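Asks: Kindly return the folded structure for what I paste below:
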Amino acid sequence: MNALDHSFIRHQFPAFQEPSLENFAYFENAGGTYACGPVVERLAEHYRRLKLQAYYPSRPSQEAGERMDSGRARLAAWLNVTPEELQLGPSTSQNTYVLAQAFRQWLKPGDEIIVTDQDHEANIGAWQRLSAAGLTLKTWQVDPGSGELDPATLAPLLTERTRVVAFTHCSNLVATVNPVRTIIEMAQAAGALAVVDGVGHAPHALPDLAALGADIYLFSLYKVYGPHLGAMYVRRSLLESLPNQGHFFNEGKPNTRLVPAGPDHAQVAAVNGVIDYLESVARHHGLDGQPPPVMARGVSELFQAQEARLMAPLLEFLRHQRGVRLLGRPHTEGRAPTLAFTCAGIAPWALAQRLAAENIGIGAGNFYAWRLLEALGIDPNIGVARLSLVHYTSEQEVARVIEALERHLP
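Replies: Now for the predicted structure:
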């Protein structure tokens, strides 16, 4: 496969042609990526001429509904699931909370739910609150040195009462890509459902959900170059079994069962823009003309190869800096391009401020991974510095941030 055409990629993002962002190097992509051009265009068009109630007989209303249906269907095709299995809510945190409320009604006192201390709080706290309903919560703990999850330590937690195993595809701080398929198989063999938070992984590789086998998979579209929505796949048979969380008269509509507020019309229609972008990447690199899951795999391989090339010099620099504690693996294999670290002698927020003065944007804080930081012996009130990149990041931007860190790290 050819290497990613980086010039082509940069031209697909309006932010890189925006005068106010000239010479700004963006390294907080794990918190939200730039929106690709097709998403911006589709949002603008929807607000300009289709911002009305959808699905009524009038022509604009019908077109608005068609675009919403198309966005859901096209995304489902790239994920290799059916449109009826895809819930599009306001955020992954909100989707997880609503999902947990459905399980509160569905499960019985004494049933067990396993969470991890590696996850974003969205995939921990919503489940832990269910202990008030008589459910038993267990925590699958990370290794306090590496921050990684070992499937061997999950096995003793699984019992005949385990109903849910909720875990992350990829931590937003440690960034190790977990052996998701192995964990799913372990959970399902014990009679439990596997709930996977894919927020940290999806920007780098949209999953083939049919092949992955998760019962539930969640991710954030605003971190996948798209509108501010959370996407949640729920296996159809499970979706039909969970108690309806929407309006009672919509109970028979699969796409509203776990989205009680109803869809954000413009944002759902703009999902088309994400697929427009991914299809353009596939077409430009000779990957088109294949089923969407095959194109998804090819585009993901292009993205990940480019990200590994960009990440390598940053990892090399950080792991050799005196006083720096890098979270996660010191090499590109098996990790996402999200690099969190602490440094003796400078607080994360102070470092972020210094880099901001040089027009470089990085993140600092706990990133809602409070329990993970506690497990690693890091004060969540202080947190870590985080550099996160994606495939559109340039080599020049990586060189700039390394030069700036050389000046500002003690």
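
Asks: Val115 belongs to a helix, doesn't it?
Replies: No. Val115: not assigned to a helix; according to DSSP: H, G, I helix; E, B strand; the rest coil it is strand.

Asks: Enumerate every residue touching it.
Replies: Asn123, Ile124, Trp127, Gln128, Leu137, Lys138, Thr139, Trp140, Ala166, Phe167 (CB atoms under 8 Å, 6 or more residues apart in numbering). For the C-beta atoms, the positions are set from N, CA and C on the backbone; glycine is no exception.

Asks: my guess is the last one contacts Asp119, does it?
Replies: In other words, Phe167. Yes. Between Phe167 and Asp119 there is a contact at 6.6 Å, judged by CB atoms under 8 Å.

Asks: Give the intersection of the neighbour lists for the two.
Replies: Common contact partners of Phe167 and Asp119 (CB under 8 Å, 6+ apart): Asp197.

Asks: between the contacts of Val115, which is nearest Trp370?
Replies: When the contacts of Val115 are compared for distance to Trp370 (CB to CB), Ile124 wins out at 8.8 Å.

Asks: So the closest residue to the closest one other than its chain neighbours versus Ala132, what's the distance?
Replies: Distance criterion CB to CB, 6 or more residues apart in numbering; nearest residue to Ile124, sequence neighbours excluded, is Val115 at 4.9 Å. Per CB to CB, to the nearest Å, Val115 is found 15 Å from Ala132.

Asks: which residues of the stretch 151-300 of the chain fall in strands?
Replies: 162-168, 193-197, 216-220, 230-234 (DSSP state E, counting those that start in this stretch).

Asks: contacts for the last one?
Replies: It stands for strand 230-234. Under the contact criterion CB under 8 Å, 6+ apart, strand 230-234 has outside partners 75, 79, 81, 85-96, 99, 209, 214-221, 242, 258.

Asks: quick one: that strand to strand 193-197, angle?
Replies: 160 degrees (axes from the mean of the first three to the mean of the last three CA atoms, to 10 degrees).

Asks: A helix includes Ala404, no?
Replies: Yes. Secondary structure of Ala404 (three-state DSSP): part of a helix.

Asks: Give me the number of neighbouring residues for it.
Replies: 19 (other CB atoms under 10 Å).

Asks: give me every residue that touches it.
Replies: Contact partners of Ala404, counting by CB under 8 Å, 6+ apart, are Arg354, Leu355, Glu358, Ile360.

Asks: so the last one bridges to which residues?
Replies: Spelled out, that is Ile360. Ile360 forms beta bridges with Ala25, as assigned by DSSP bridges.

Asks: count of residues packed around it?
Replies: Using other CB under 10 Å, Ile360 is surrounded by 21 other residues.

Asks: Next one: the closest residue in space to Glu160 that isn't next to it in sequence relative to Leu137, how far apart?
Replies: Counting by CB to CB, 6+ apart, the nearest residue to Glu160 once its immediate chain neighbours are dropped is Gly191, at 6.9 Å. Computed as CB to CB, the Gly191 to Leu137 distance reads 18 Å.

Asks: Looking at these two, which is more packed in?
Replies: Taking neighbours as other CB under 10 Å, Gly191 and Leu137 compare with Leu137 leading, 15 against 12.

Asks: wait, doesn't that one sit right on Gln128?
Replies: Yes. Using CB under 8 Å, Leu137 is in contact with Gln128, at 5.3 Å.

Asks: quick one: pLDDT of Asn2?
Replies: Per-residue pLDDT puts Asn2 at 77.

Asks: Test my guess that it contacts Ala282.
Replies: No. Counting by CB under 8 Å, Asn2 does not reach Ala282; the two are 12.0 Å apart.

Asks: who has more neighbours, the two?
Replies: Higher neighbour count among Asn2 and Ala282: Ala282, with 21 against 9, using other CB under 10 Å.

Asks: pLDDT score for the closest residue to that one other than its chain neighbours?
Replies: Excluding the flanking residues, the one nearest Ala282 by CB to CB, 6+ apart is Met295, at 4.4 Å. Met295 is assigned a predicted lDDT (pLDDT) of 98.
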